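[1] curious how this folds, go ahead:
(2 chains)
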There are 2 protein chains.
Amino acid sequence: MARGMNTVLLVGTLVQRPELRYTPGGLAILEMNLAGNDHVIGEDDRPRELAWYHRVTLFGAQAETMAEQLQEGAHVFVEGRLNYRTWDAQDGQKRTALDVNAQRVDVVTVGVRTGEPTVIDARGQHRLKDALNQVLIVGNLTRDAELRTTPSGASVTRFGVAVNERFKGRGGDDQERTAFVDVTVWRDLAEGCESLRKGDAVFVVGRLVNDSWTDKEGNRRFTTRLEGQRVEFLTRGPGSGGAGTRPERTVATGAQARPSKLDIDEEFPPEEDLPF
Amino acid sequence: MARGMNTVLLVGTLVQRPELRYTPGGLAILEMNLAGNDHVIGEDDRPRELAWYHRVTLFGAQAETMAEQLQEGAHVFVEGRLNYRTWDAQDGQKRTALDVNAQRVDVVTVGVRTGEPTVIDARGQHRLKDALNQVLIVGNLTRDAELRTTPSGASVTRFGVAVNERFKGRGGDDQERTAFVDVTVWRDLAEGCESLRKGDAVFVVGRLVNDSWTDKEGNRRFTTRLEGQRVEFLTRGPGSGGAGTRPERTVATGAQARPSKLDIDEEFPPEEDLPF
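    All right, here's what the predicted structure looks like:
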């Protein structure tokens, strides 16, 4: 398995004042709901803004410190990791959720030069206009990638990634945790990722997005997934991730408009100036 | 001082086969030179490609493992941190350099869909066309920001950031290190950052770029700095970073063309589906 990388970076607006609570064991927990707008390319190939709402949890002494500072409408910078949870719902079904555990939360001062920094949503809550929403993961595919075409003709590929991380437990012992992340990629990137197979190791840079669907009972269900903007296929030496047997693979990089004219400033590495 | 964040992500091409060497103490060191092209907006507001060459060092068992796999022309993904070094040059002057210490190096398989994935530079070496070059830092300004205007009329602001990190030494003791990073920002972002003062805490997302200048003796000198694409001003509670006394600050976000038409998909957070 690829050594996991699991990094989430968000800048958004707090939709409520977060409430501090404690576990029975006395651990402080601060739960925040952050909202922001991303600038994306829509299915119709046109730029648009897309809203996101993500749940971020901070633990321990930092939670207690930040609880005093964080008000509804504050803008915060979060560095954290994706946290995958499973539980049994009241209907007996197994549920899963992907949210964010914060390692760092800072208040940022926002005042965009022209106009308001936020939009007001249908609930009357502020949402940051020019948010930051970046997720970086390294992991292995849990299933083959599936390419399909939307009714409007856009290519979209979905795959699942297991992100494994080792960490020290409270007692100093080695522990492991895994986040299971659903990844969606669009257009050229979708076509480039079609060849990905179960077990392949990938590095994905993308945005954390909200999604919803209707289950068999007709209930609307919500989920969080990663929309990939860049995907790199990793080979980790002979025999790892299956990529060793297929040396020629297509890397799918962000399908953005690129300038055709090359105007390259070639600066060479500063070798003569370094002490080696 | 703000708790430092120091993350470098690169995908580029190895310009030579890296050579493994050992310190007198037996630590394996693998030094790599990576090259790539970024897509940037030039001083004339037009998109262009800009070449970069960065030195990346990997240590220990990973260095030994990767030395066998890495050939000239290989494409690699690097996760690391900025490493600031100082030394006395032969002319008696103090020199500094900023390069990258890798925590992870992976080979990526690249085959861009149309045409060659690399360009050949003036030395005959391959350089990845659609490289990844992202640096994320949190730190405090070492001097006030300075705004100036280029002869062609573009605004540019420079400031220095000290990135402090605490880490465990080999003996398990707490140690601290600081990277001093020169940051340059352009256009609207330059104007938004003019108000930054010594001590202010910032989060900067940008690209690691090569730069050169001519010193007093007429020698061409090379350096590495960060070109910021997004800057957030952090407040860290009363009294920290000086920002507490100036609550209304301008945040300068990436000065990119934004769609004027809002077409927002408002999905609310999946509260009803979560076990709280």
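
[2] nearest spatial neighbour of residue A:165, skipping sequence neighbours?
    residue A:4 (4.4 Å; Cβ to Cβ, 6 or more residues apart in numbering or on different chains). For the C-beta atoms, the positions are set from N, CA and C on the backbone; glycine is no exception.

[3] dump the residue contacts of residue A:57.
    Residue A:57 is in contact with A:29, A:30, A:31, A:32, A:83, A:99, A:100, A:101, A:102, counting by Cβ atoms under 8 Å, 6 or more residues apart in numbering or on different chains.

[4] separation between the first one and residue A:74?
    Right, the one you point to is residue A:29. Here the criterion is Cβ to Cβ, to the nearest Å. By it, residue A:29 lies 18 Å from residue A:74.

[5] more crowded one of the two?
    Taking other Cβ atoms under 10 Å in any protein chain shown, residue A:29 and residue A:74 do not tie; residue A:74 has more neighbours (21 against 17).

[6] residue B:140 versus the more buried one, what's the distance?
    Using Cβ to Cβ, residue A:74 is found at 21 Å from residue B:140.

[7] next one: residue A:67
    In terms of Cβ to Cβ, residue A:67 sits 24 Å off from residue B:140.

[8] the two - which one has more neighbours?
    Per other Cβ under 10 Å, whichever of residue A:67 and residue B:140 has more neighbours is residue B:140, with 22 against 18.

[9] quick one: the helices in chain A?
    With DSSP state H as the criterion, chain A has helices at A:60-69, A:187-192.

[10] contacts for the first one next, please.
    It stands for helix A:60-69. Contact with helix A:60-69 is made by A:18-20, A:27-30, A:58, A:102, A:104-105, A:107, B:237, as judged by Cβ under 8 Å, 6+ apart.

[11] from those residues, which is closest to residue A:149?
    Comparing those against residue A:149 with Cβ to Cβ places residue A:102 closest, at 37.8 Å.

[12] what are the buried residues along the helix-or-strand element of chain A with minimal mean pLDDT?
    When the helices and strands of chain A are scored by mean pLDDT, DSSP states H and E, strand A:118-120 comes last with a mean of 89. Neighbour-count burial for strand A:118-120, counted by 16 or more other Cβ atoms under 10 Å in any protein chain shown, picks out A:118, A:119.

[13] list the helices and strands that strand packs on?
    strand A:126-128 (3 or more Cβ pairs under 8 Å, 6 or more residues apart in numbering or on different chains; DSSP states H and E).

[14] gap between the strand it packs on and the chain center?
    How far strand A:126-128 lies from its chain's middle: 19 Å, per Cα atoms, centre = their mean, to the nearest Å.

[15] coming back round to it: partners of the least confident helix or strand of chain A in the sheet?
    The strands that strand A:118-120 pairs with in its sheet are strand A:126-128 (antiparallel) (by DSSP bridges).

[16] need the residues that contact the strand it pairs with.
    With contacts defined as Cβ under 8 Å, 6+ apart, strand A:126-128 is touched by A:11-13, A:15, A:35-37, A:51, A:72-73, A:75, A:110, A:117-121.

[17] try it again with 6 Å
    Here strand A:126-128 makes contact (Cβ atoms under 6 Å, 6 or more residues apart in numbering or on different chains) with A:12, A:13, A:35, A:36, A:73, A:75, A:118, A:119, A:121.

[18] distance check, the first one against chain B.
    What it means is residue A:12. Per Cβ to the nearest Cβ, to the nearest Å, residue A:12 is found 11 Å from chain B.

[19] repeat that for the fifth one.
    Applying Cβ to the nearest Cβ, one obtains 13 Å for the distance of residue A:73 from chain B.

[20] run a quick neighbour tally on the closest residue to that residue other than its chain neighbours.
    The shortest distance from residue A:73 to any residue other than its chain neighbours is 4.9 Å, reached at residue A:126 (Cβ to Cβ, 6+ apart). Under the neighbour criterion other Cβ under 10 Å, residue A:126 is assigned a count of 20.

[21] got it, and the one 3 residues further on?
    Around residue A:129 sit 20 other residues, with neighbours defined as other Cβ under 10 Å.

[22] likewise residue A:219?
    Residue A:219, neighbours per other Cβ under 10 Å, totals 11.

[23] beta partners for residue A:223?
    Where residue A:223 sits in a bridge, its partners, by DSSP bridges, are residue A:211.

[24] same check on residue A:86?
    With DSSP bridges as the rule, residue A:86 is bridged to residue A:96.

[25] residue A:206 too?
    With DSSP bridges as the rule, residue A:206 is bridged to residue A:135, residue A:228.

[26] residue contacts, it?
    A:135, A:226, A:227, A:228, A:229.

[27] so for it, what's the pLDDT?
    At residue A:206, the pLDDT value in this model is 96.

[28] quick one: it from residue B:191, how far?
    Distance from residue A:206 to residue B:191, by Cβ to Cβ: 30 Å.

[29] residue A:171 now?
    For residue A:171, the distance to residue B:191 - Cβ to Cβ - is 52 Å.

[30] okay, these two: which has more neighbours?
    Taking other Cβ under 10 Å, residue A:171 and residue B:191 do not tie; residue B:191 has more neighbours (18 against 6).

[31] give me every residue that touches that one.
    Residue B:191 neighbours (Cβ under 6 Å, 6+ apart): residue B:155.

[32] per-residue confidence at the closest residue to chain B within the stretch 101-250 of chain A?
    Of all residues in the stretch 101-250 of chain A, the one sitting closest to chain B is residue A:222 (2.8 Å; Cβ to the nearest Cβ). Here, the pLDDT recorded for residue A:222 equals 87.

[33] and residue A:162, by the same measure?
    97.

[34] just the one 10 residues further on next, same as before
    At residue A:172, the pLDDT value in this model is 81.

[35] how much space between it and residue A:28?
    If you go by Cβ to Cβ, the gap between residue A:172 and residue A:28 works out to 22 Å.

[36] okay, those two: which has more neighbours?
    Shown here are residue A:172 and residue A:28; by other Cβ under 10 Å, residue A:28 has more neighbours (18 against 6).

[37] across the sheet, point out what pairs with that one.
    Residues in beta-bridge contact with residue A:28 (DSSP bridges): residue A:22.

[38] identify the residues contacting it.
    By Cβ under 6 Å, 6+ apart, the contact set of residue A:28 is A:22, A:60, A:63, A:64.

[39] which of those has the largest number of neighbours?
    Counting by other Cβ under 10 Å, top hit in these: residue A:63 with 22 neighbours.

[40] burial count for the closest residue in space to residue A:107 that isn't next to it in sequence?
    Spatial nearest neighbour of residue A:107, chain neighbours left out: residue B:235 (4.7 Å); criterion: Cβ to Cβ, 6+ apart. The local packing of residue B:235 (other Cβ under 10 Å) involves 22 other residues.
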